[in-house]
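A.B. asks: With the sequence up front, the predicted model follows.
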Amino acid sequence: MFPQRLDSPQAYDIAKAMLDGFNRHYRLFRTESARAKHRFETADWHGQQRAQRERIQFYDLRVKEATLRLEKEFKAGEQPMEVWQQVKLHYIGLLIDHHQPELAETFFNSVTTKILHRTYFHNDFIFVRPAVSTEYIENDEPAATPTYRAYYPTAETMHETIVRIVDNFRLGRAFDNLERDASFVLEAMSGRLAQVRLRANFQIQVLSSLFFRNKGAYVVGKIINGFNELPFALPILHNKSGKLIIDACLFGEDDLQALFSFARAYFMVDMEVPAAYVQFLRSLMPRKPRNEIYNALGLAKQGKTLFYRDFLYHLKHSSDKFRIAPGIKGMVMLVFDLPSFPYVFKLIKDYYPPQKDTTREQIQGKYLLVKQHDRVGRMADTLEYSEVAFDRARFDEELLAEIQKFAPSQLEISDRDGDGMEEVVIKHLYIERRMIPLNIYLQEAFDSNAHEQIERAVIEYGNAIKDLVAANIFPGDMLWKNFGVTRNGKVVFYDYDEIEYITTCNFRKVPEARNEEDELSGEVWYKVGPHDIFPETFGPFLLGNDAVKEVFLKHHGDLLDPEFWQKHKERIQAGHVHDVFPYERDKRFVRKLQPQPEAANV
């Protein structure tokens, strides 16, 4: 229940200090994002990757700072609950006309839950639901840049409009031939607009900031013609000679979904009003949840907040039970799901088989590595939560028994409110998009003699490994069960407890047997170091099926050759950043050029 009056002299000061902490966070976040433009212009690829990693840590650092300040200046943890209720009301008042209110509310939750006991995590003390609307927020200052720019070309002025759209970003590096690239874009757009009459409201809307990731910059917008809207994106890259080129023109929701995939690194975007960017992007990708769009923009904490709200809403409107996830059980992670919800829940077991020489801390370190690394479209992003409460009645008894057996330290069952309704609290949890495990996908293809499906999956599996190699990631356990298939057939890796950097691995050939006894022995007769990898030994574990073996050896036989891995390791160590594209190579404009310049990694 909210207080009837605001009579605490400290409540406003606490609320103001909390908002000061958030404003400092977003100012630093935005400054780092804005610097991506300079790093792109100067081809500082390693600096770009480093900044992407470091920016992820900003939020937790600012939450810690704000918590320490509130404890030091106001003894916040000792304040009565009536004061905290007033703090929240003052905070809501401070968010009127704020440009990032939804992020500020989440920051309030993060700081407050560090200070208050979990029993107070409800509507009176934190923002379980948003209190301030994000609809139609805009920066109204005279010199402010609007969220998007609108252009009104005619059929005759389309080419010059495309040039103007790109020029307006004022990139501090010369284009190789912008007029030529604009012609390529116009040709691609004309193909999409052929046989369509341009309506009176024909326009092109483009977000005012470029989207930077790794070695690429992206123009993101949509073409509006009557009641039809066509999303598009223009990747801008450096070519081999160091000049800028427009590399492709991506169209439609599927292309944009791939660009903003949950399996890719976060973008750097300078946004005054992030909710307006999310609203615009949602118009391009209506099937993409808002939480994933916030994640893609680097606002992962807001993504977590929205995901959890969606999750609670789903629980309220469903009745099925959490169960042990179908498929082969993992040795390190215990995985469960809710059949009606498209995600899986993973917790680290307390006990591992002898062959798994690891610790809880090491496994958490691997998941953090993936969070901070370039996932190149091949590693699923994970949401990490602590102290997650569920209604016990929603748990299958077999699942509860499994958790009590393998992860008892992570489980608490209690009657928190004393009303006889027990809840299950999981101490630490990872949540990922649900995919079809690749081994199950292949088995279904075997059972139905779907040879094309087998071939596509095996080729995609090999492509996934090669993309990971390009990103300096060795998967460790390469079994089919550790990879999943997405809705659009993309193969994605999701088991991270054994991943290593390629640069820390030592790729070796299997030594020649010294004698016949060695050759017939089931034991390894040669010395193996802790980071030694023998690619020739992958075959027996992966290629037991003849149909799989034939396709794999035809397209990816080099993965069994230590030289393949070693060459990539040496190139990475020499500072090379590999080419990994978030779109099909046949979409690239370089195929129109002779000779074809090698465009850089996006």
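C.D. replies: Okay, I see it. Residues are numbered from 1 along each chain as shown.
A.B. asks: Endpoints of stretch 185-203, how far apart?
C.D. replies: The straight-line separation of the ends of stretch 185-203 (C-alpha to C-alpha, to the nearest Å) is 16 Å.
A.B. asks: isn't Ala258 right next to Lys587, touching?
C.D. replies: No: in this structure, Ala258 is not within contact of Lys587 by C-beta atoms under 8 Å, at 10.6 Å. For glycine as for every other residue, the C-beta is placed from the backbone atoms N, C-alpha and C.
A.B. asks: Counting neighbours around each, name which of the two comes out higher.
C.D. replies: Each of Ala258 and Lys587 has its neighbours counted (other C-beta atoms under 10 Å); Ala258 has more, 19 against 16.
A.B. asks: Go through the helix or strand harbouring the more buried one and flag the buried ones.
C.D. replies: Assigned by DSSP states H and E, Ala258 belongs to helix 252-259. By 16 or more other C-beta atoms under 10 Å, the buried positions in helix 252-259 come out as Asp255, Leu256, Gln257, Ala258, Leu259.
A.B. asks: so Met268 touches Thr31, yeah?
C.D. replies: No: the criterion here is C-beta under 8 Å, and Met268 misses it with Thr31 at 10.9 Å.
A.B. asks: What is the nearest of the buried residues of helix 252-259 to Asn201?
C.D. replies: Leu256 (21.8 Å; C-beta to C-beta).
A.B. asks: what's the following helix or strand after the longest helix belonging to the chain?
C.D. replies: Longest helix in the chain by number of residues (criterion: DSSP state H): helix 9-34. Downstream of helix 9-34, the next assigned helix or strand under DSSP H and E is helix 36-41.
A.B. asks: Can you name every helix or strand that whichever helix or strand comes after that following helix contacts?
C.D. replies: Counting by DSSP H and E, the element after helix 36-41 in chain order, helix or strand, is helix 45-55. The criterion is 3 or more C-beta pairs under 8 Å, 6 or more residues apart in numbering; DSSP states H and E, and the helices and strands that helix 45-55 contacts are helix 9-34, helix 36-41.
A.B. asks: Just the buried residues of the shortest one, please?
C.D. replies: It refers to helix 36-41. Buried residues in helix 36-41 (16+ other C-beta under 10 Å): Ala36, Lys37, Arg39, Phe40.
A.B. asks: circling back: quick one: mean pLDDT for the longest helix of the chain?
C.D. replies: Averaging pLDDT along helix 9-34 yields 96.
A.B. asks: swap in stretch 440-450?
C.D. replies: Stretch 440-450 shows a mean pLDDT of 90 in the predicted model.
A.B. asks: Low-confidence ranges, the stretch 101-250 of the chain, go.
C.D. replies: 117-124, 142-143, 194-196 (pLDDT under 70).
A.B. asks: hang on, the earlier thing: more neighbours, Met268 and Thr31?
C.D. replies: Per other C-beta under 10 Å, whichever of Met268 and Thr31 has more neighbours is Met268, with 27 against 10.
A.B. asks: Run through the neighbouring helices and strands of the helix holding Ala258.
C.D. replies: By 3+ C-beta pairs under 8 Å, 6+ apart, helix 252-259 packs against strand 228-238.
A.B. asks: Which neighbouring elements make contact with the strand it packs on?
C.D. replies: If you count contacts as 3+ C-beta pairs under 8 Å, 6+ apart, strand 228-238 packs onto helix 178-193, strand 216-225, strand 244-246, strand 250-251, helix 252-259, helix 274-284.
A.B. asks: tell me the domain ranges of this structure?
C.D. replies: The chain breaks down into these domains under automatic domain parsing: 9-120, 148-299, 318-434, 438-560.
A.B. asks: Can you lay out those as a markdown table showing distance to Ile126?
C.D. replies: Listed next are the domains of the chain as a markdown table, based on distance: least, C-beta to C-beta, whole Å:
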| stretch | distance to Ile126 |
| --- | --- |
| domain 9-120 | 5 |
| domain 148-299 | 18 |
| domain 318-434 | 13 |
| domain 438-560 | 31 |
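A.B. asks: Tell me which of those sits nearest to Asp140.
C.D. replies: Of all the domains of the chain, domain 9-120 sits nearest to Asp140, with 9.0 Å by C-beta to C-beta.
A.B. asks: who's in contact with Tyr152?
C.D. replies: Phe202, Gln203 (C-beta atoms under 8 Å, 6 or more residues apart in numbering).
A.B. asks: my bad, Val132
C.D. replies: Counted by C-beta under 8 Å, 6+ apart, Val132 has contacts Ile92, Leu95, Ile96, His98, Pro101, Glu102, Glu105.
A.B. asks: Farthest-apart pair in those residues, please.
C.D. replies: Using C-beta to C-beta, the two most remote members of the contacts of Val132 are Ile96 and Glu102, lying 13.6 Å apart.
A.B. asks: the more surrounded of the two?
C.D. replies: The neighbour comparison of Ile96 against Glu102 (other C-beta under 10 Å) goes to Glu102, with 25 against 8.
A.B. asks: does the more buried one really touch Val273, like I thought?
C.D. replies: No: with contacts counted by C-beta under 8 Å, Glu102 stays clear of Val273, the gap being 10.4 Å.
A.B. asks: Distance check, Lys587 against Asn225.
C.D. replies: Distance of Lys587 to Asn225, computed by C-beta to C-beta, to the nearest Å: 22 Å.
A.B. asks: who does Arg588 bridge with?
C.D. replies: Taking DSSP bridges as the rule, Arg588 bridges to Ala248.
A.B. asks: Please tell me the pLDDT value assigned to it.
C.D. replies: Per-residue confidence (pLDDT) for Arg588: 94.
A.B. asks: Let me know whether it touches Asp247 as I believe.
C.D. replies: Yes: in this structure, Arg588 is within contact of Asp247 by C-beta under 8 Å, at 5.5 Å.
A.B. asks: the more surrounded of the two?
C.D. replies: Comparing Arg588 with Asp247 by other C-beta under 10 Å, the one with more neighbours is Asp247, at 25 against 20.
A.B. asks: rewinding a little: output the buried residues of helix 36-41 as JSON lines; include the columns distance to Arg264.
C.D. replies: Shown next, in JSON lines, are these (distance: C-beta to C-beta, whole Å):
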{"residue": "Ala36", "distance to Arg264": "15"}
{"residue": "Lys37", "distance to Arg264": "20"}
{"residue": "Arg39", "distance to Arg264": "18"}
{"residue": "Phe40", "distance to Arg264": "17"}
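A.B. asks: What is the most widely separated pair among the residues you listed?
C.D. replies: Comparing all pairs in the buried residues of helix 36-41 by C-beta to C-beta, the longest separation belongs to Lys37 and Arg39, at 7.4 Å.
A.B. asks: Would you agree Ser261 falls within a helix?
C.D. replies: No: with DSSP: H, G, I helix; E, B strand; the rest coil as the criterion, Ser261 is coil rather than part of a helix.
A.B. asks: And the residue lying closest to it once chain neighbours are set aside, how far from Phe336?
C.D. replies: Nearest residue to Ser261 in three dimensions, chain neighbours excluded: Gly377, at 5.6 Å (C-beta to C-beta, 6 or more residues apart in numbering). Using C-beta to C-beta, one obtains 26 Å as the distance from Gly377 to Phe336.
A.B. asks: who's more crowded, those two?
C.D. replies: Between Gly377 and Phe336, Gly377 has the larger neighbour count (other C-beta under 10 Å), namely 25 against 22.
A.B. asks: Over to the more buried one. Which of the three states is it?
C.D. replies: From three-state DSSP, the assignment for Gly377 is coil.
A.B. asks: Gln10: neighbour count?
C.D. replies: Gln10: 16 surrounding residues under other C-beta under 10 Å.
A.B. asks: Spit out the contact partners of it.
C.D. replies: Residues near Gln10 by C-beta under 8 Å, 6+ apart: Phe74, Gln79, Val83.
A.B. asks: export those residues to a markdown table and tack on distance to Glu65 and secondary structure?
C.D. replies: Shown next, in a markdown table, are the contacts of Gln10 (distance: C-beta to C-beta, whole Å; DSSP: H, G, I helix; E, B strand; the rest coil):
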| residue | distance to Glu65 | secondary structure |
| --- | --- | --- |
| Phe74 | 14 | helix |
| Gln79 | 19 | coil |
| Val83 | 21 | helix |
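A.B. asks: Flag the shaky bits of the stretch 501-602 of the chain, pLDDT-wise.
C.D. replies: For the stretch 501-602 of the chain, residues meeting the criterion pLDDT under 70 lie at 515-522, 594-602.
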